[in-house]
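1. Here is my input; please provide its structure:
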Amino acid sequence: MAANASDVPDVLAPDLACVFCGINPGRVSAAAAAHFANPRNDFWRLLHDAGFTPRLLAPAEQLELLSLGYGITNAAYRTTAGSGDLRRGDFDRGRLRALASELRPRAIAFVGKEAYRGLFGERPELGPQLRTLEGSALYVLPSTSPANAAVPYGERLRWFRALRAWIEPVPRDAVRALVVDGAGRVLLLRWENPVTHEAWWITPGGAVADGESAQAALRRELREEVGLDARPGRVMAEREHVLPLAGRIVLQRERYFLVRVARHKPAATVDLAAENVTAARWWSAGELAATSERVAPPELPQLLASV
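-> Reported below is the predicted structural model:
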């Protein structure tokens, strides 16, 4: 990460469950070199009452959050007397994107709508957001500032408790197909985030329903997504990763089955637009190696080479 230019140092580490993102340092926090140091700010009390911390931490103890799986940063680094003194140029979405890409937090929780709006230029609702940032899920909390005293403490605590439950991932079993044709190409689908319009090329597949075998689930997904009825072959890879999905954070366990075909023209039998799938195409190994587009899983070129 780039050198910290803030009066209040970031509290960050790789693979945290959640990074709390305030709007910017106030004068009291800057003087204490600690986040949310104003004694009238309810942040630390809300963290404890919502179950994030086993005891009430003082701002000076902020580094203890790391051992609990949490961190803190700000949407803007410049210290001001109030957030109303910030300018548009104080907000650096690129810095937060780099943080998410490098440190891979499961979620980023914005402490106040203005912290989110300063970075993304849109006023959000409280709670989970459809937008993601480099794979990190996003959540918006009420502001904990004394300026937000019109919102009762109990209401703010409700949102903090909801975040505490939301960041615990829900297990989900999934199957995916490495569909390879006679020319050694792999069949991929283009999935697009409906908010950010960022796109990934992914393998066909989906969740395994209750009572369904992995093979039956994959045959169903292949018929629906690409119009292919084929028997799955051997398992080529397994992986487990956390991803935001339909307003929840999911711990997805995936198995990748090899499916060989001589040739096939993909044609969905269901409306994939509802699932934000916008295209399907065959990719050669060379195209995969040369593309700047996002491909999932990241090790797909190596998987294809092993076939």
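
2. any idea which residue sits dead centre in this structure?
-> Nearest to the geometric centre of the chain sits Ser136, at 2.2 Å (CA atoms, centre = their mean).

3. Can you pull out the low-pLDDT segments for the protein?
-> Flagging of the chain using pLDDT under 70 yields the residue ranges 1-4, 246.

4. any idea how it splits into domains?
-> According to automatic domain parsing, the chain comprises the domains 18-166, 170-306.

5. Please identify which of those domains is closest to Val8.
-> domain 18-166 (4.4 Å; CB to CB). C-betas here are computed from N, CA, C, even on glycine.

6. Return the distance of that closest one from the chain's centre.
-> From the chain centre to the centre of domain 18-166 is a distance of 16 Å (CA atoms, centre = their mean, to the nearest Å).

7. Repeat that for stretch 234-244.
-> That offset, for stretch 234-244, works out to 16 Å (CA atoms, centre = their mean).

8. All the strands of the stretch 51-200 of the chain, residue numbers only.
-> 70-74, 107-111, 127-133, 136-141, 170-180, 186-192, 199-202 (DSSP state E, counting those that start in this stretch).

9. Tell me the strands beside the shortest one, with direction?
-> Read it as strand 199-202. Partners of strand 199-202 in the sheet, by DSSP bridges, are strand 186-192 (antiparallel), strand 294-296 (parallel).

10. Render the CA-only coordinates of the first one in PDB, please.
-> In this case it means strand 186-192. Listed next in PDB are the C-alpha coordinates belonging to strand 186-192 (Å, rounded to 0.1, in the frame of the first residue of the first chain):
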ATOM      1  CA  VAL A 186     -13.100 -23.400 -23.200                       C
ATOM      2  CA  LEU A 187     -16.600 -22.100 -23.100                       C
ATOM      3  CA  LEU A 188     -17.200 -19.000 -20.800                       C
ATOM      4  CA  LEU A 189     -20.100 -16.800 -19.900                       C
ATOM      5  CA  ARG A 190     -19.900 -13.000 -19.400                       C
ATOM      6  CA  TRP A 191     -21.400 -11.900 -16.100                       C
ATOM      7  CA  GLU A 192     -21.900  -8.200 -15.500                       C
END
